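Enquirer: using only what follows, build the 3D model:
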Amino acid sequence: MADGDRVTIGAGNVYLGVLWALFFVALAGALLWFGGVGVLVDALYALVPAYAFAQAVVVHRFDVVVIDDRGITVERTRDPVTYAWADILEVGWAGSGAGWPMIAAGLMIRPKGGRFAIPGPNAPARIGPLAVFGRAAHRNARAVLRAECRGRGVPFEDGPFMEAPPPGSPLRRDAPKAEPPGGDR
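Expert: Next up is the predicted model:
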């Protein structure tokens, strides 16, 4: 949603998160109903993803990421945090990585800073976890973020390589390959 030159990314398809949580609670109930005490551990394991979905919906449903001319602002229920465009080396979108349908995925940045600063150039951080459920909601959020970063001249890393070495490092997958010693043979 664009308000002039201000873009807001917020929760998406929260009802899917609620439905997944209810599905896993129903699964745990069915295991207990049909299996009795013998499947108690299995029923408890079914409650773990139910808790994860419910926690993502309850804690992060009102969190938003605001992108404007000043930079990227993460507005949570607590104090907002702003990162200026001049201080950002790279921006990315991180899924949950847990194999579940993207529980509380969100914005990752790699800001400028010292070698051991967290977040910093060697340690990107997920600064804006959002309750975004479903592939379409993730695709839309990534597309908006990618377009905004391209317009600002900030690299956007889409995928698991955000936690790779910082831009410009020879260890990076997009770094130019070094010539083998001894030249061409």
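Enquirer: which residues of this structure fall in strands?
Expert: In the chain, the strands defined using DSSP state E lie at 2-3, 6-9, 64-67, 71-75, 81-84, 88-94, 106-111, 125-129, 156-158.
Enquirer: out of those strands, flag the one nearest residue 25.
Expert: For residue 25, the closest of these is strand 125-129, at 22.5 Å, according to C-beta to C-beta. The C-beta positions use only the backbone N, C-alpha and C, and glycine is treated the same way.
Enquirer: before we move on, the earlier item: mean pLDDT for the strands of the chain: which is lowest?
Expert: Mean pLDDT values for these show the minimum at strand 2-3, a mean of 46.
Enquirer: tabulate the strands of the chain (JSON lines), appending distance to residue 21 and mean neighbour count.
Expert: Shown next, in JSON lines, are those (distance: least, C-beta to C-beta, whole Å; neighbours: other C-beta atoms under 10 Å):
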{"stretch": "strand 2-3", "distance to residue 21": "32", "mean neighbour count": "10"}
{"stretch": "strand 6-9", "distance to residue 21": "23", "mean neighbour count": "18"}
{"stretch": "strand 64-67", "distance to residue 21": "22", "mean neighbour count": "20"}
{"stretch": "strand 71-75", "distance to residue 21": "24", "mean neighbour count": "20"}
{"stretch": "strand 81-84", "distance to residue 21": "28", "mean neighbour count": "14"}
{"stretch": "strand 88-94", "distance to residue 21": "21", "mean neighbour count": "22"}
{"stretch": "strand 106-111", "distance to residue 21": "19", "mean neighbour count": "22"}
{"stretch": "strand 125-129", "distance to residue 21": "17", "mean neighbour count": "20"}
{"stretch": "strand 156-158", "distance to residue 21": "27", "mean neighbour count": "17"}
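Enquirer: no further queries at this time; thank you.
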